[in-house]
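**Q** Sequence first, then the predicted structure:
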Amino acid sequence: MNVNRFYLFTVLLLTLSISGCTSHITITGKNLENTEKKYKNVIVMVPDGCSMSIQTLARLYKGADINLDKLLTGSVRTYSANSVITDSAAAATAFATGHKTTSGFIGVAPRAKDLLPWVTPEVPPYYPIPTILEGAKLSGRSTGVVVTSTIPHATPSGFAAHSSSRFMPDDIMEQMVHQNLDVAFGGGMVHLLPEGESFKTDDGKSWKGTRKDTENLMNTLKEMGYSIISSKDELAEVKGKKVWGLFNGTDLVPDIDRDELNPTQPSLAEMTKKAIEILTTNEKGFLMVVEGSQVDYAGHAHDPAYMVTEFLAFDEAVGVAVDFAKTNNDTIVVIFPDHDTGGLSIGNNSEMGRKYGNTTVDTLITPLKKATTTIQGLLELAYQDNTSTTEEIKGLFKDKWNLDLTEVQAEEILKFKKFPYGVADYISNNFTVIGWTTGGHSGVDVPLWVYTPYDYTPLRGNINNTDIPINLAKMMDIDLRMIGDELFVDAQSVFPDSKITEDKTGRIFETGKFKIPVNKNIVMNGDKITSTKGVSVFISEINKFFIPKEMVRVIEGKK
Ligand SMILES: [Zn+2]
């Protein structure tokens with residue numbers, strides 16, 4: 001990005017906002033106390049979609065303190081540039097880049113038309129903004145993402161992609177492939193393969209490609225020297241410094257369902273452990289993002305047993321990360337949800353809930369402990385068996401949830417059979433004291449947990465999600481503004497005689513004999529292909545093609 005333009009835009013907006021500002025909400029952030037401490041390794045961990053209530057529930061469910069109990073340092077404001085209740089894309093962008101953006105945007109600045117009154121963007125609308133993962137990469141560190149969703153889902157892509165829509169997983173996957181991540185573990189194999197091709201697993205599953213651009217990114221990864229693995233056994237055995245592990249076509253199965261539905265998938269803790277093993281082979285350190293993606297799915301689904309087991313699986317991964325951090329003085333582990341989902345509460349409006357003064361641990365926990373599947377998983381079994389009578393429903397709930405339904409209850413549940421959310425609400429309201437307030441996200445502040453070898457961390461108190469990357473960048477000695485200048489040059493302004501063409505693989509920037517395909521890290525000159533750090537990005541709303549400075553140098557013959 002052009003520094004002068006960046007600066008002028010900031011001054012203009014600050015002037016506007018000072019003259020028109022009536023808000024008294026402080027923007028915590030750049031004035032957080034600085035730290036002298038520098039870290040070689042940074043581990044960012046996100047239990048997607050939860051708040052403090054799940055920490056309480058998880059502790060009671062486990063019957064012991066959880067790993068996170070020892071790490072609480074503060075709370076985090078989560079709003080996006082245009083909404084008090086954020087979505088995951090804007091949240092991820094905020095804590096990956098230090099910039100608030102519009103809900104749905106990944107790694108680009110917010111649109112101007114609907115900003116919250118106290119949000120003051122520092123970058124022109126829709127311009128790509130650098131992430132701490134990209135900064136870590138340019139600093140020579142290794143980088144990795146470990147998730148239980150698909151790899152191009154909101155949180156991981158917020159660190160490694162730039163798109164004005166989170167709902168373009170094939171484009172986002174292409175950028176993530178070309179970002180040269182050292183480790184990518186999760187689900188989403190379908191986004192690597194073109195339509196018409198599929199990946200066959202050793203145990204006979206077939207994952208069908210969804211890419212409409214005809215590109216086979218699995219071949220690309222192999223050409224780039226990656227090992228590609230797809231099962232827990234392969235994860236245990238894999239050697240090498242660059243590994244993509246995609247353990248399902250789409251999302252991984254919920255932790256509670258794994259043994260029954262897909263035992264070849266690894267747990268989040270197992271993936272985290274292996275990722276650390278690979279990333280620590282780089283003496284310059286690493287940045288790793290770990291997400292317990294499905295805590296959020298469980299909150300959307302109003303499924304308390306699913307949510308608490310996903311959160312505990314995440315907490316186990318936290319244990320792995322903190323155990324590693326304790327072996328050295330160079331690692332900080334920063335943990336926070338991106339937002340709350342579902343508005344889980346301990347206490348509801350059921351008859352049991354109204355007698356809250358006598359709530360025993362058994363009242364709260366026993367119904368959840370009885371569940372051996374998610375409600376979605378239980379209903380999948382019902383579909384498979386074509387369950388259609390109240391007797392069959394009673395049998396299924398007795399078998400999987402150890403619940404004794406009455407005839408009336410079984411009839412109610414049958415009505416919801418194709419609607420897991422309805423079944424889940426019914427179960428929560430009638431058999432538990434768990435309450436829910438929304439099928440979407442909620443706008444509350446979320447907890448902040450930090451492990452550092454030092455007594456003090458500036459990441460404490462009530463901070464903004466944008467404070468996190470700004471401070472982590474300082475701790476890694478990274479200048480995010482310089483990274484932005486290095487990675488996102490407005491290509492048409494540098495090469496005025498250029499044009500943007502398009503073929504079935506997507507848009508192509510052309511100048512002279514050079515071609516740069518979108519979402520990739522390569523410059524083509526006839527048969528000669530030069531790889532660079534950073535990827536090309538096209539933003540249709542502003543009709544601009546951004547390329548790393550290194551690509552400019554290739555075209556100008558300086559590299
Ligand atoms: Zn989320």
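**A** Arrived safely.
**Q** From here on, just use CA atoms for contacts and neighbour counts.
**A** Fine.
**Q** This protein - how does it break down into domains?
**A** As recorded under automatic domain parsing, the domains making up the chain are 3-344+439-484, 350-435, 488-555.
**Q** okay, now the closest residue to the ion within the stretch 401-550 of the chain: neighbour count?
**A** Closest residue of the stretch 401-550 of the chain to the ion, CA to the ion: His441 (8.0 Å). With neighbours defined by other CA atoms under 10 Å, the count for His441 comes to 21.
**Q** Just list whatever residues bridge to it.
**A** Note on His441: beta-bridge partners by DSSP bridges are Thr341.
**Q** Return the distance of it relative to Met52.
**A** His441 sits 14 Å away from Met52, going by CA to CA, to the nearest Å.
**Q** ok, which stretches of the stretch 51-200 of the chain are helices?
**A** Secondary structure of the stretch 51-200 of the chain (DSSP state H, counting those that start in this stretch): helices at 52-62, 88-97, 132-138, 154-160, 169-178.
**Q** Could you give me the buried positions within the strand or helix carrying Met551?
**A** Per DSSP states H and E: Met551 is located in helix 549-555. Within helix 549-555, the residues that qualify as buried are 549-552, 554-555, counting by 16 or more other CA atoms under 10 Å.
**Q** In contact with Val147, which residues are there?
**A** 156, 185-187, 268, 290-293 (CA atoms under 8 Å, 6 or more residues apart in numbering).
**Q** what about the stretch 251-400 of the chain, any weak spots by pLDDT?
**A** Applying pLDDT under 70 to the stretch 251-400 of the chain flags residues 385.
**Q** State which one residue of it is found closest to the ion.
**A** Asp338 (5.4 Å).
**Q** Let me see the backbone angles for that residue.
**A** Recorded main-chain torsions at Asp338 are phi -80, psi -30, according to degrees, to the nearest 10.
**Q** Pick the most buried one from the helices of the stretch 51-200 of the chain.
**A** With neighbours defined as mean count of other CA atoms under 10 Å, the helices of the stretch 51-200 of the chain peak in mean count at helix 88-97, which reaches a mean of 32.
**Q** Can you pull the phi/psi pair for Lys369?
**A** phi -70, psi -30.
**Q** distance of it from Ala298?
**A** Plainly put, Lys369 is 16 Å away from Ala298 if you go by CA to CA.
**Q** what does Thr155 give?
**A** According to CA to CA, Thr155 stands 16 Å off from Ala298.
**Q** so how many other residues sit close to Asn358?
**A** 10.
**Q** Leu221 now?
**A** Count around Leu221 with other CA under 10 Å applied: 19.
**Q** What residues does it make contact with?
**A** Contacts of Leu221 by CA under 8 Å, 6+ apart are 177, 228.
**Q** would you say it is within a helix?
**A** Yes: assigned with DSSP: H, G, I helix; E, B strand; the rest coil, Leu221 falls within a helix.
**Q** per-residue pLDDT, it?
**A** Here, the pLDDT recorded for Leu221 equals 98.
**Q** swap in Glu412?
**A** So, for Glu412, pLDDT stands at 88.
**Q** quick one: secondary structure of it?
**A** helix.
**Q** Now whichever residue of the stretch 1-150 of the chain sits closest to the ion: closest residue in space, sequence neighbours ignored.
**A** For the stretch 1-150 of the chain and the ion, the shortest gap (CA to the ion) falls at Ser88, measuring 3.8 Å. Nearest residue to Ser88, sequence neighbours excluded (CA to CA, 6 or more residues apart in numbering): Ala154, at 5.8 Å.
**Q** Look at Lys394 and give its secondary structure.
**A** Under three-state DSSP, Lys394 comes out as helix.
**Q** Which residues of the protein lie near the ion?
**A** Proximity of the chain to the ion is confined to 48-49, 88 under the rule CA under 5 Å from the ion.
**Q** Contact partners for Ile555?
**A** For Ile555, the contacting residues are 514, 523, by CA under 8 Å, 6+ apart.
**Q** again with Gly74
**A** Counted by CA under 8 Å, 6+ apart, Gly74 has contacts 447-449, 459-463.
**Q** What subset of those residues is buried?
**A** Counted by 16+ other CA under 10 Å, the contacts of Gly74 give 447-449, 459-460, 462-463 as buried.
**Q** top helix in the chain by residue count?
**A** The residue-count maximum for a helix in the chain (DSSP state H) belongs to helix 304-325.
**Q** what sits against the residue of the chain positioned farthest from its centre?
**A** In terms of distance from the mean C-alpha position of the chain, Glu407 ranks first, at 42.2 Å (CA atoms, centre = their mean). For Glu407, the contact set (CA under 8 Å, 6+ apart) comprises Thr390.
**Q** Let me know the pLDDT of it.
**A** pLDDT for Glu407: 94.
**Q** and Leu487, what does it touch?
**A** Going by CA under 8 Å, 6+ apart, the list of residues near Leu487 reads 1, 130, 534-535, 547-550.
**Q** pLDDT at it, what is it?
**A** So, for Leu487, pLDDT stands at 97.
**Q** who does the longest helix of the chain touch, helix- and strand-wise?
**A** If contacts are counted by 3 or more CA pairs under 8 Å, 6 or more residues apart in numbering; DSSP states H and E, helix 304-325 sits against strand 41-47, helix 52-62, helix 268-279, strand 286-292, helix 294-301, strand 331-335, helix 361-370.
**Q** Could you provide these in TSV, with additional columns for distance to Lys398?
**A** Shown next, in TSV, are these (distance: least, CA to CA, whole Å):
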stretch	distance to Lys398
strand 41-47	31
helix 52-62	21
helix 268-279	29
strand 286-292	29
helix 294-301	21
strand 331-335	38
helix 361-370	9
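**Q** Select, out of these, the one closest to Leu252.
**A** Closest of the helices and strands packed on helix 304-325 to Leu252 is helix 294-301, at 8.9 Å (criterion: CA to CA).
**Q** so how far is that closest one from its chain's centroid?
**A** Remark: helix 294-301 is offset 13 Å from the chain centroid, using CA atoms, centre = their mean, to the nearest Å.
**Q** For that helix, which outside residues touch it?
**A** For helix 294-301, contacts defined as CA under 8 Å, 6+ apart pick out 47-50, 148-149, 254, 304, 306-308, 310-311, 340-344, 420-421, 424, 438-441.
**Q** Would you show me how to pick out the buried ones of those residues in PyMOL?
**A** Listed next is the PyMOL selection for buried residues among the contacts of helix 294-301, using 16+ other CA under 10 Å:
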select buried, resi 47+48+49+50+148+149+254+304+306+307+308+310+311+340+341+342+343+344+420+421+424+440+441
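**Q** do you know how far the nearest residue to Lys284 once chain neighbours are set aside is from Met475?
**A** Distance criterion CA to CA, 6+ apart; nearest residue to Lys284, sequence neighbours excluded, is Arg141 at 5.3 Å. To Met475, Arg141 is 13 Å away according to CA to CA.
**Q** which of those two has more neighbours?
**A** The residue with more neighbours, out of Arg141 and Met475, is Arg141; 23 against 19, by other CA under 10 Å.
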